[in-house]
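Visitor: Pasted the sequence and its predicted model underneath.
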Amino acid sequence: MAKSPVTIQFPFGGLNRRYGYQSQPPYTTPDCLNVRPFDSIEDRQRGGMRPGLKKTFAQQIGSGNPIRMLANVTSTSDVIPSWTVEVTNASDFSLNAVFEKSGLNLIMSTDPVLWPYQPEGLTFTQTITGDASARNIIFKALDGFSSVSSISIKDSYVTTFPTMSAFLNLYKLDLSNNLLTGKVPDLSGLVNLEELNIDKNNMTGSDVAIETFAKLKKLTVATAGSNKSFVWSTLPVTLTHLYYIDTAADATVRDINTNLLVNLEYIELWNNNRSNMTNAVVSCKYTVKLRGYFGSANTQADLYINPQPTATSLDVSYCNIIGLGILGTGTTVPYTLCRDLISIDASHNKLEWFNPNFSMIYSMRNLTNLNLSYNVIPAAGLQQIIHECLQNAQARPTSGGVTVPTCTVNIGYGNAAPNAATLTDITSLRNLGWTVIHS
Amino acid sequence: MSTLKRYCVGIADGKLYVDKTIDTMAALVSAVKFTDDKVLSSAEHNQKLYIADYGDIVAKGTDGTLASTGTVLDAASIADWTAKGIDKGLHAVFIYNGSAGVATGIYALQTVAAGSLTLVSPGALADGTCSYKIFVIPKYYDPALNTISFWIATYGLVPLNCSIIARFRDRLVLAGDPDSPHLWYMSRSGDPMDWDYYQPDVSRAVAGQNTDAGAIGDKITALIPASSDYLIFGCHSSIWMLYGDPAAGGQLNNLSYNVNVLSATSWCYGPESEVVFLSSNGLYAIAPGSVNTPQSITENILPTEFQNIDVTLNDISMAYDAKDNGIHIFITSKGGFDRVHYWFDWRTKTFWPVDLQSDHDPVIAMNRTSFVGSEESVLIGCRDGYIRQFDSDEVVDDGTAITNYVKIGPIRLGNGYTEGMLAELIGTLGTGSGDLTWEVAVGKTVQEALAANPLYTGVWASGRSNTTRPRSRGDALMLKLSGSSSSTWALEDIQITGIGKGKHR
């Protein structure tokens, strides 16, 4: 080494252990700890110690146990200072009144001890009157009724239907899971209401036709064990989504005429103890769920469905039916009627037959799930079903000898054992990529 | 008037903490609990934080019997439900394969008694028989209500026991179910409460796997949304990318059959939306865009340091630090053993080992994007229950001195045939720098010099030092610089003078 000064800088190339010791690349280091190329004093690239640690929060959380998750969450509070909420006897701290405006949530309360969170700047009042069992919410507004587009008061033990007539621009009203009784009051002032949810209450019906709500598109009326014997005389033709579910212990017949619901896209009618399917669902565009629609006490023999050609999903499990068919199509079913059906669940019934001559299966070229398990279909019926499936598969386009898309067919559990002809067809189906489950 | 707030949420010891009051993390009073022995993933959706809580299935069977209109569950195979460790704040019950009238579903528990479980009303709707699983249910936190709730779907069922979660195209995506580790599940677009896969529209819930036709998919280890256009599936031994929406013409392509992603938290975004992740074979990056494949960052720098890290023994977390322009790579031993973490300086694309005292080792890290500028930082959730952050004003680690050094060299004093001697040494530190201790070690080889005891040592202070003459003879010279325990330092440069000393002795 010549006797001349050499300038050496911090090894900005960092730790490098890729090469031999004798071949350590220039400007790298074979060993370092807790240093960085940019110093902490002026953030210049000259080398220095890394920054130290400090506590972000003074609190030790989890009693000194390791922290298992960190996350950010953003919340928007859209404050409506002109609102007043009056609550009588809010002794139950679980009472929540959530006001939604343009999709934003607010909790309104004057008592942060009883209520979990109080946004800043909100002006409202709370009064407590009445006996211990009464829990009513009354809306009072200084102004701004018409600015509210959505109200949700759920899970709140509310017993009296709030006065809503001034909410001229309300499009969504959710009063689910309260203690509402009696009948839905006249809400004809809510001319812009599109969604109504009175799920999980103890209401018995309505004095006014629901068609009063000219724009109503989505209706959730009842779920299990609540809103017993609820009857709404007619339903509006504008309705697109109907959730009408009931498992009342009594055998009250609840006919729902959906014949005229030409815009219906989705319907769930579960466990309603219907005694027959007169005027049953005929117009649902996409999804039909009738699971347990007849209830176990039903003696109805056959069920006919007449979905629109666009229907994609049919669930008639637990309906206690003996036969399932397509209404009004005779013994042949136009291909166009079932072309979009991708799933049929008719399991857990007493099915003996599945449409006269089973030709409907052949038409369902997009079917990917056919569940007929837990029925009593005889061997001859199974033979026809599987044969129709095979013809269906053979009519579908293939790729490498396998039909596209393939389908899962479940004829196991309860049904008769397949005969030799059926087993032959099952083998052919499986060779085309279909899955067949049988007893 | 509208206000916008971003809260910091942490989970430790099964409780959720949030900074509703600035600079204060307070526990949320709730009966709902979280798993306390595993790192949890979360995803924000529409002002709520969905947490993929998971754990062991504490009880399951096919011999369930339902009574009291489907609200009371018992099973002959379970003599005492209270001996199963069931916690109604942590667990829920999945009822399925029920007899006629029994509604398949996930139900919260009202009470846990020795003889039976009582489901929250209305329960499974009917008496009968059923199969059941008691499992840790995922939850969600609502900052507006300041409440934690069980994540129970309105339609369909939220997938059980998934440990990985992400948000992609307004859907929540879940994966990591140990019973089906190859499957991913997506909620309806815009509705995390809708898991009905049988709807006809393009927004419907979707489930699938990542594989070429005819094969079972690889085990999913990470869900990495790369903008709204791509979702990267990090897998056990491969990486896949979903382009677009799976229900609306999306396509799934393989990015690598060899490179993997170690865990759900072993990745982060770079400053230009690169995805940087740790694999079994080192650190990789995927540039933004639909056609880019993983590129190794460490292969030519640190070929072994990041290889084959056992995720069952270590918690791995990564976060990009916008303030200091680099990536923290934390590898923390679950057993409390000492492990080296790394800082990847993004400006120089270089690696720098980091050592923290055991209590400060990060179990989880997060890039905090607060709306308050001074709060921008990478937060680390430490082993001792404190949340900490790096701060350039801090010269110690929360009271603990930082051992720091760098070895500069090898400086070749000879030329292979002859040796040389270090004659003079001058160090220049930045104004305001703390002291820096230097040590000189020499050897006949670089490896010897690295391991050799120092021949000379001294201390440089701020500014230019006096000339020292640490006359050290050898072929290779290593210069070690160590900072003091109470100050930080900055090195400007070093001047050395050497002279030739003839053939090797």
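Guide: Nice, I can see it. Residues are numbered from 1 along each chain as shown, chains lettered A, B, ... in the order given.

Visitor: Which residues are in contact with whichever residue of chain B sits closest to chain A?
Guide: Nearest residue of chain B to chain A: B:Ala12, at 2.4 Å (C-beta to the nearest C-beta). For every residue, glycine as well, the C-beta is placed using N, CA and C. B:Ala12 sits next to A:Ile61, A:Gly62, A:Ser63, A:Asn65, A:Pro66, A:Ile67, A:Arg68, B:Asp36, B:Gly381, B:Gly385 when contact means C-beta atoms under 8 Å, 6 or more residues apart in numbering or on different chains.

Visitor: Tell me where the stretch 301-450 of chain B has helices.
Guide: Here the stretch 301-450 of chain B has its helices, by DSSP state H, counting those that start in this stretch, at B:446-451.

Visitor: got any ranges where it has weak pLDDT?
Guide: B:371-375 (pLDDT under 70).

Visitor: follow-up on the earlier one: could you report the neighbour count for the nearest residue to the residue of chain B closest to chain A once chain neighbours are set aside?
Guide: Excluding the flanking residues, the one nearest B:Ala12 by C-beta to C-beta, 6 or more residues apart in numbering or on different chains is A:Gly62, at 2.4 Å. The number of residues packed around A:Gly62, counting by other C-beta atoms under 10 Å in any protein chain shown, is 23.

Visitor: What backbone torsions are found at A:Gly62?
Guide: Per-residue torsions, A:Gly62: phi 70, psi 30 (degrees, to the nearest 10).

Visitor: dump the residue contacts of the closest residue to chain B within chain A.
Guide: For chain A, the residue closest to chain B is A:Gly62, as judged by C-beta to the nearest C-beta, at 2.4 Å. The contact partners of A:Gly62, taken as C-beta under 8 Å, 6+ apart, are A:Arg68, B:Gly10, B:Ile11, B:Ala12, B:Asp13, B:Gly14, B:Lys15, B:Tyr17, B:Asp36, B:Gly385.

Visitor: follow-up on the earlier one: distance-wise, check the residue nearest to B:Ala12 relative to B:Ser77.
Guide: 35 Å (C-beta to C-beta, to the nearest Å).

Visitor: Ok, B:Leu242 next?
Guide: 41 Å.

Visitor: same check, this time on A:Leu187
Guide: Distance from A:Leu187 to B:Ser77, by C-beta to C-beta: 52 Å.

Visitor: still on that earlier bit, among the contacts of A:Gly62, name the ones in strands.
Guide: Among those, DSSP state E puts A:Arg68, B:Gly10, B:Ile11, B:Ala12, B:Lys15, B:Tyr17 in strands.

Visitor: can you put these in a markdown table and add distance to B:Lys480 and pLDDT?
Guide: Formatted as a markdown table, these follow (distance: C-beta to C-beta, whole Å; pLDDT from 0 to 100):
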| residue | distance to B:Lys480 | pLDDT |
| --- | --- | --- |
| A:Arg68 | 39 | 97 |
| B:Gly10 | 39 | 97 |
| B:Ile11 | 42 | 97 |
| B:Ala12 | 39 | 97 |
| B:Lys15 | 46 | 95 |
| B:Tyr17 | 43 | 96 |
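
Visitor: Considering the residues you listed, which is situated nearest to B:Ile301?
Guide: A:Arg68 (31.8 Å; C-beta to C-beta).

Visitor: wait, doesn't the closest one sit right on B:Val363?
Guide: Yes. Using C-beta atoms under 8 Å, A:Arg68 is in contact with B:Val363, at 6.6 Å.

Visitor: ok so, going back, where does the residue nearest to B:Ala12 sit relative to B:Ser163, distance-wise?
Guide: Distance from A:Gly62 to B:Ser163, by C-beta to C-beta: 19 Å.

Visitor: repeat for B:Tyr155
Guide: 23 Å.

Visitor: More neighbours: these two, which one.
Guide: For B:Tyr155 versus B:Ser163, neighbours defined as other C-beta under 10 Å are more numerous around B:Ser163 (25 against 20).

Visitor: Next, the contact list for that one, please.
Guide: B:Lys38, B:Leu40, B:Ser41, B:Ala52, B:Tyr54, B:Ala175, B:Gly176, B:Asp177, B:Ala264.

Visitor: from those residues, which ones fall inside strands?
Guide: Residues from the contacts of B:Ser163 lying in strands, with DSSP E as the criterion: B:Ala175.

Visitor: got a winner among the contacts of B:Ser163 for most neighbours?
Guide: Most surrounded of the contacts of B:Ser163: other C-beta under 10 Å gives B:Ala175, at 31 neighbours.

Visitor: and that residue, what does it touch?
Guide: So B:Ala175 contacts B:Cys162, B:Ser163, B:Ile164, B:Pro181, B:Leu183, B:Trp184, B:Tyr185, B:Ile220, B:Leu223, B:Phe233 (C-beta under 8 Å, 6+ apart).

Visitor: Quick check on those residues: which are buried?
Guide: Among those, those buried by neighbour count (16 or more other C-beta atoms under 10 Å in any protein chain shown) are B:Cys162, B:Ser163, B:Ile164, B:Pro181, B:Leu183, B:Trp184, B:Tyr185, B:Ile220, B:Leu223, B:Phe233.

Visitor: List just the nearest of the residues you listed to B:Ala322.
Guide: B:Leu223 (22.9 Å).

Visitor: which SSE is that closest one in?
Guide: strand B:220-226 (DSSP states H and E).

Visitor: Return the residues in contact with A:Phe12.
Guide: Counted by C-beta under 8 Å, 6+ apart, A:Phe12 has contacts A:Tyr27, A:Pro37, A:Gln45, A:Gly47, B:Thr348, B:Thr350.

Visitor: Over to A:Ala58?
Guide: Applying C-beta under 8 Å, 6+ apart, the residues near A:Ala58 are B:Asp23, B:Thr24.

Visitor: What is the burial count for the residue nearest to A:Leu190 when sequence neighbours are not counted?
Guide: Of all residues not flanking A:Leu190 in the chain, A:Leu170 sits nearest, at 5.3 Å (C-beta to C-beta, 6+ apart). Residues lying near A:Leu170 (other C-beta under 10 Å) number 23.

Visitor: so A:Leu170, which of the three states?
Guide: Following DSSP: H, G, I helix; E, B strand; the rest coil, A:Leu170 is assigned to coil.

Visitor: so B:Arg464 touches B:Gly430, yeah?
Guide: No. If you go by C-beta under 8 Å, B:Arg464 and B:Gly430 don't touch, sitting 10.9 Å apart.

Visitor: Neighbour count: the two, which is higher?
Guide: B:Gly430 (20 against 14).

Visitor: bridging residues for the closest residue to the more buried one other than its chain neighbours?
Guide: In space, and not counting its chain neighbours, B:Gly430 is closest to B:Ala490: 3.6 Å by C-beta to C-beta, 6+ apart. Counting by DSSP bridges, B:Ala490 is bridged to A:Gly48.

Visitor: same deal with A:Val6?
Guide: Beta-bridge partners of A:Val6, as defined by DSSP bridges: B:Ile496.

Visitor: how deep is it tucked in, by neighbour count?
Guide: 12.

Visitor: shared neighbours of A:Arg68 and B:Val363, anything?
Guide: B:Val39, B:Gly381.

Visitor: quick one: buried residues of stretch B:400-415?
Guide: B:Ile402, B:Asn404, B:Tyr405, B:Val406, B:Lys407, B:Ile408, B:Gly409, B:Pro410, B:Ile411, B:Arg412, B:Leu413, B:Gly414.

Visitor: Which ones, among those, also lie beside chain A?
Guide: The subset of these within reach of chain A, counting by C-beta under 8 Å from any C-beta of the partner chain, consists of B:Ile402, B:Asn404, B:Tyr405, B:Val406, B:Lys407, B:Ile408, B:Gly409, B:Pro410, B:Ile411, B:Arg412, B:Leu413, B:Gly414.
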